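Student: using only what follows, build the 3D model:
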Amino acid sequence: MKGNRWIDPAPFEGARPQFPWWVWLPGWVKVVLAPFVLLWLMVRLAVKFAVLAVRYPVAVTLGLGSYAGYRQFGLSLLVLALLSLVCALTVWYGLDRDSFLRHGWYRLLTEWRRLTVYVPQWRTVMRLAELTKDNRGKEYRPKLRRIRSEGWRDKVRVRMIPAQSPEQWEARRDNLAHSFNARSCRVRVLKPRVLELDFIHSDPLSRPVAVPQLADVGEVDLKRVVVGRTETGKLWRLKLLGSQVLVVGVPGAGKGSVLWSIVWQLAPAIKAGLVRLVGIDPKGGMELGQCPDAFEKVVYDNGPEAVALLEEIAVEVKERAARYRGIRRLWARSTGEPFTVLIVDELADLIAYQPDRNLRERATRAVQTITSQGRAPGYAVVGLIQDPRKEVVSFRHLFTTRVALRLDEPVQVDMVLGDGVRQRGAAAHEISENTPGVAWLKEDGQREPERARAFHVTDADLVELGVYLAPATVHEFPERSEGSAAA
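Tutor: Numbers count the residues shown, from 1 in each chain. Have a look, this model is predicted:
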């Protein structure tokens, strides 16, 4: 009855109390348990301190040592020790900068970001990003594991909750990046239920990568041709033997950098006769004509001569494969035959934009033959193109190594590198116009793409390359007469 303020007790029957269980204990029980609770809290505090000492031995040792020195000798000795430490770190930085950053500064930066960015915000961000799950009053939250800072990025390892998939994290990359004050976020799967989030803070590939000296190139490994550097500081190694390479990018994205980086690294093998280059440049030689001495054969249009060259290479592929039948399964130097690299600049001009239908179909068949059958007998195709659509290149799957330079549209990233790659962070459509040669690359069988930048090959470098590969000229001198000889 409302007037007498009667309340129906039915909705509250069986309801769970909202207070901790120990609140309902009798007073005498609390008194008895108080010493044990105090002991338990002290043990927990000691365990946490021990874990802290094991995890940060240097920091704990320095803290305790500083406190003991201050109590024993006063503030002057502490200031002197601090100045000595600063001098030692300065000397360390001057002698070995990389070691100082890796073992000193980056570890300090790791703990700073752990304490100020990730730990305080982790629970809130996980809840607002809807990456937690409530079940029967219990909250399941992804666990924050190891954090490693490398200056330009933070690597955050996470253990997912049950019934969660990596795709849920990939769909929230932008949310996570903005929440933790990063420029972007990438998601990588390490093992079942364990992810690693890369929070990017700066671009280590913002500066051009200088091309190495030809004298320093050395022996060429066709399975690991160095064409630049990755964003982690390692060498970008491109596989040519047993692979076909497709390079895609808008005008000005740096396709020429990738092309000439490959030629530059192959130069010693070309000069020794171990590798031969064949090229087609439908732009009239504006690209390949910069160093024609690197090529055994080169055609500067997309007409009958170019198609005839493609068909000639296709016939060579079949003939060499027939000779290897029953003898070997993959080309090797011991065969005595050169490894052949076919470079086609603006591949679409041959297989899509050629107005003559007959020539277009012949070129397509020849390129398909080389890319599908040339791997074993020692033939590799390096095709450069601007438009990766199926209507232009219907056989993209035959290129086992794909390089995505700057692209126009997000959907083109998946066209080049494969479905779902853009969701994992391969944002080729976001590459800056000021960084030509920066690309995302992926090989068949490799789940995670890599980001790298090709060498910056200048016009002066191409002149040097032409001089290096130019055939030696034999100087003929007129025979001297007897009179001149006597003189």
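Student: tally of neighbours for Ser257?
Tutor: By the criterion of other Cβ atoms under 10 Å, Ser257 has 26 neighbours. The way it works is simple: take the backbone N, C-alpha and C, and place the C-beta from them, glycine included.
Student: show me what the helix or strand containing it is packed against.
Tutor: Ser257 belongs to helix 255-272 when assigned by DSSP states H and E. Secondary-structure packing of helix 255-272 (3 or more Cβ pairs under 8 Å, 6 or more residues apart in numbering; DSSP states H and E): strand 225-230, strand 245-248, strand 275-280, strand 339-344, strand 379-385, strand 450-456, helix 459-469.
Student: need these in CSV (columns: distance to Gln373 and mean pLDDT).
Tutor: Formatted as CSV, those follow (distance: least, Cβ to Cβ, whole Å; pLDDT from 0 to 100):
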stretch, distance to Gln373, mean pLDDT
strand 225-230, 22, 95
strand 245-248, 16, 95
strand 275-280, 16, 95
strand 339-344, 13, 96
strand 379-385, 8, 95
strand 450-456, 28, 95
helix 459-469, 29, 92
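Student: return the most buried member of these.
Tutor: strand 245-248 (a mean of 27; mean count of other Cβ atoms under 10 Å).
Student: in terms of secondary structure, what does that strand contact?
Tutor: helix 255-272, strand 379-385, strand 401-404, helix 410-417.
Student: dump those into a markdown table; add distance to Gln168 as well.
Tutor: Shown next, in a markdown table, are those (distance: least, Cβ to Cβ, whole Å):
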| stretch | distance to Gln168 |
| --- | --- |
| helix 255-272 | 35 |
| strand 379-385 | 34 |
| strand 401-404 | 25 |
| helix 410-417 | 19 |
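Student: nearest to Gly445, out of the ones you listed?
Tutor: Nearest to Gly445, of all these, is strand 401-404, at 10.7 Å by Cβ to Cβ.
Student: who touches that closest one?
Tutor: 238-239, 243-249, 258, 396, 412-413, 416-418, 426, 428, 439-444 (Cβ atoms under 8 Å, 6 or more residues apart in numbering).
Student: can you do 7 Å?
Tutor: Strand 401-404 is touched from outside by 238-239, 243-248, 258, 413, 416-417, 428, 439-443, with contacts defined as Cβ atoms under 7 Å, 6 or more residues apart in numbering.
Student: count the neighbours of Arg360 for me.
Tutor: Neighbour tally, Arg360, other Cβ under 10 Å: 18.
Student: and the helix or strand hosting it, how far out from the chain's middle?
Tutor: Secondary structure assigned from DSSP H and E places Arg360 in helix 357-373. On the basis of Cα atoms, centre = their mean, to the nearest Å, helix 357-373 sits 32 Å off its chain's mean C-alpha point.
Student: packing partners of it?
Tutor: In this structure, helix 357-373 makes packing contacts with helix 304-324, helix 348-351, strand 379-385, judged by 3 or more Cβ pairs under 7 Å, 6 or more residues apart in numbering; DSSP states H and E.
Student: give the other helices and strands that the longest one contacts.
Tutor: To tie it back to what came earlier, the one meant is helix 304-324. By 3+ Cβ pairs under 7 Å, 6+ apart, helix 304-324 packs against strand 275-280, strand 297-299, helix 357-373.
Student: what pLDDT does the model give Glu391?
Tutor: For Glu391, the model assigns a pLDDT of 80.
Student: and it, how many neighbours?
Tutor: Residues within reach of Glu391, counting by other Cβ under 10 Å, total 8.
Student: and Pro166, by the same measure?
Tutor: 16.
Student: could you dump the helices and strands packed on helix 304-324 to TSV with distance to Gln386?
Tutor: Formatted as TSV, those follow (distance: least, Cβ to Cβ, whole Å):
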stretch	distance to Gln386
strand 275-280	16
strand 297-299	20
helix 357-373	17
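Student: pick the most buried one from those.
Tutor: Greatest burial across these, using mean count of other Cβ under 10 Å, falls to strand 275-280, with a mean of 24.
Student: each with direction, which strands does that one pair with?
Tutor: Using DSSP bridges, strand 275-280 pairs in its sheet with strand 297-299 (parallel), strand 339-344 (parallel).
Student: and these as a markdown table, adding distance to Leu82?
Tutor: Output for the strands paired with strand 275-280, formatted as a markdown table (distance: least, Cβ to Cβ, whole Å):
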| stretch | distance to Leu82 |
| --- | --- |
| strand 297-299 | 66 |
| strand 339-344 | 60 |
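Student: of those, give the one that comes closest to Pro120.
Tutor: Taking Cβ to Cβ, strand 339-344 is the member of these nearest to Pro120, at 53.5 Å.
Student: from the chain's centroid, how far away is that closest one?
Tutor: The chain centroid and the centroid of strand 339-344 are separated by 26 Å under Cα atoms, centre = their mean.
Student: circling back: in a markdown table, list the helices and strands packed on helix 255-272 along with distance to Thr90.
Tutor: What follows is the helices and strands packed on helix 255-272, written out as a markdown table (distance: least, Cβ to Cβ, whole Å):
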| stretch | distance to Thr90 |
| --- | --- |
| strand 225-230 | 29 |
| strand 245-248 | 45 |
| strand 275-280 | 49 |
| strand 339-344 | 50 |
| strand 379-385 | 48 |
| strand 450-456 | 32 |
| helix 459-469 | 38 |
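Student: poorly predicted segments of this structure, please.
Tutor: 1-23, 52-59, 62, 215-218, 472-487 (pLDDT under 70).
Student: again, only using 50
Tutor: In the predicted model of the chain, residues 1-17, 473-487 satisfy pLDDT under 50.
Student: in it, where's the longest helix?
Tutor: Longest helix in the chain, counting residues (DSSP state H): helix 27-55.
Student: how far off centre is that one?
Tutor: With Cα atoms, centre = their mean, you get 47 Å for helix 27-55.
Student: for that helix, buried residues please.
Tutor: Under the neighbour-count criterion of 16 or more other Cβ atoms under 10 Å, helix 27-55 has nothing buried.
Student: list the buried residues in the next helix or strand after it.
Tutor: Downstream of helix 27-55, the first helix or strand assigned by DSSP H and E is helix 57-73. Judged by neighbour count using 16+ other Cβ under 10 Å, helix 57-73 contains no buried positions.
Student: what helices or strands is helix 57-73 leaning on?
Tutor: Looks like helix 57-73 contacts helix 75-95 (3+ Cβ pairs under 7 Å, 6+ apart).
Student: tell me the angle the helix it packs on makes with helix 57-73.
Tutor: Angle of helix 75-95 versus helix 57-73, following axes from the mean of the first three to the mean of the last three Cα atoms, to 10 degrees, is 150 degrees.
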